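> fold the stuff below for me.
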Amino acid sequence: MRRLGHRDTIDVGNSGGHWSDAGLAKNLNGRDGMTQIKNVLCPVDFSEISRQEMALAVDVCQAFGARLVLHHNLIAAPPGLTRAWEWNELHQEGAISEDEAERRIRDLMAGLPTGLHAEASVSRGPVGVVLIEMARSIPADLIVLGSHGRSTEEHSSLTERIVDERVCPVLTIHDGAQMAHFRLHTDAGEETTRAVVPVDLSAASKAVVSYACGLARHVPLEVCLLHVVAATTKEKAIEEARHELASLVPADAAACATLHVEPGDAVETIVRFSAESNAGFVVMGEHTRSLLRRLFLRDTAKAVLQEARCPVWFVPPPR
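Sure thing, here's the model as predicted:
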């Protein structure tokens, strides 16, 4: 492992996929269920989607004063996380050496905004194992994870694994997604970003609403709680659902929350509502796990990933 100092920190490791770095200090304050974002992990593969990942990660870091950790895996993501031809072009026959990866990482870091605390790492190993171990070692409060064009089972599985193991929240972005409305780091007078939060009114809903409202405590954010009901639902039941939504919102966040009850198919309604409201991102939690694969699997990629066209922020349940 080679180490460089301060903002230009680059770690190059080959530990069979197990990340270990004593130089990355533990966050002794832990996570309190509020939205404390101190460390953001952003894996990059030097493709165009990496620029979008970095733009999201930088915006979050600037909004929360967080540290950005860029990471490149020399074995890299399998074709399920990238276009196969692009992966082959970049990585076949060892096209990217440690020195080349380090050079590219340095170039990326040179383009970061002045004053942003950033570090970088290069490693080898199975992408899922490396990411999870590294996220725990930092420890990361957020992983920004990109996917190229055709989402597949591999990407769904990686995202699910991170959420399942309760490593940290994951902010995902896909090739072709619109980022025009994603802005947490805003200046006075700029339009407030909208976050759509699908809620099914189960016991697990409270955690994701709490997380989204926690974001709104730190940055200007309109939290749009969305509950989807069957098209045949009576008006009385709709009104009751609206009252239940209201009960989930902490008193100090009531001013930034709006309540919405919409009829229709859950995924289609989330997509439509997000597009019509110009949402900056969608926040999904444990209670929406059944929708996770529908969001990523190939058979619904066009319906959700292309039409929704905004990042999705997955929040694991609290430990």
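
> give me the residues contacting the top helix by length along the chain.
In the chain, taking DSSP state H as the definition, the longest helix is helix 48-64. Helix 48-64 is contacted from outside by 36-38, 40, 42-44, 66-68, 70, 82, 108, 112-113, 116-118, 142, 144-148, 171, 173-175, 177, 179, 182-186, 218-219, 311, using C-beta atoms under 8 Å, 6 or more residues apart in numbering. In short, each C-beta sits where N, CA and C put it, glycine included.

> list the buried residues for that helix?
49-50, 52-54, 56-64 (16 or more other C-beta atoms under 10 Å).

> now those residues in CSV, with pLDDT?
Converted to CSV, the buried residues of helix 48-64 look like this (pLDDT from 0 to 100):
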residue, pLDDT
49, 80
50, 84
52, 88
53, 89
54, 92
56, 94
57, 96
58, 96
59, 94
60, 95
61, 95
62, 94
63, 92
64, 93
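
> residue 109 - that's part of a helix, no?
Yes. Counting by DSSP: H, G, I helix; E, B strand; the rest coil, residue 109 falls inside a helix.

> is it true that it touches residue 117?
No. Using C-beta atoms under 8 Å, residue 109 is not in contact with residue 117; the gap is 11.1 Å.

> more neighbours, these two?
Neighbour totals were compared for residue 109 and residue 117, and residue 109 leads with 19 against 14 (other C-beta atoms under 10 Å).

> report the two of the buried residues of helix 48-64 separated the most.
49 and 64 (22.8 Å; C-beta to C-beta).

> for this protein, which segments count as strands?
Using DSSP state E, the strands assigned to the chain run over residues 10-14, 39-43, 67-73, 118-124, 142-147, 170-174, 193-198, 221-229, 257-263, 281-284, 312-314.

> and of the buried residues of helix 48-64, the nearest to residue 254?
residue 63 (21.8 Å).

> residue 96 versus the closest one, what's the distance?
Using C-beta to C-beta, to the nearest Å, one obtains 32 Å as the distance from residue 63 to residue 96.

> what's the answer for residue 283, then?
Residue 283 is 34 Å from residue 96, by C-beta to C-beta.

> so between these two, which is more surrounded?
residue 283 (26 against 19).

> the domain parsing of the chain - what is it?
6-174, 193-314 (automatic domain parsing).

> which regions of this structure lie under the pLDDT threshold?
1-34, 75-95, 147-160, 163, 175-177, 188-189, 286-308, 318-319 (pLDDT under 70).

> all helices in it, in order from the N-terminus.
48-64, 84-91, 98-110, 127-137, 153-164, 205-218, 235-248, 266-276, 289-296, 307-308.

> angle of the fourth one against strand 39-43?
Relative orientation of helix 127-137 with respect to strand 39-43: 160 degrees, computed using axes from the mean of the first three to the mean of the last three C-alpha atoms, to 10 degrees.
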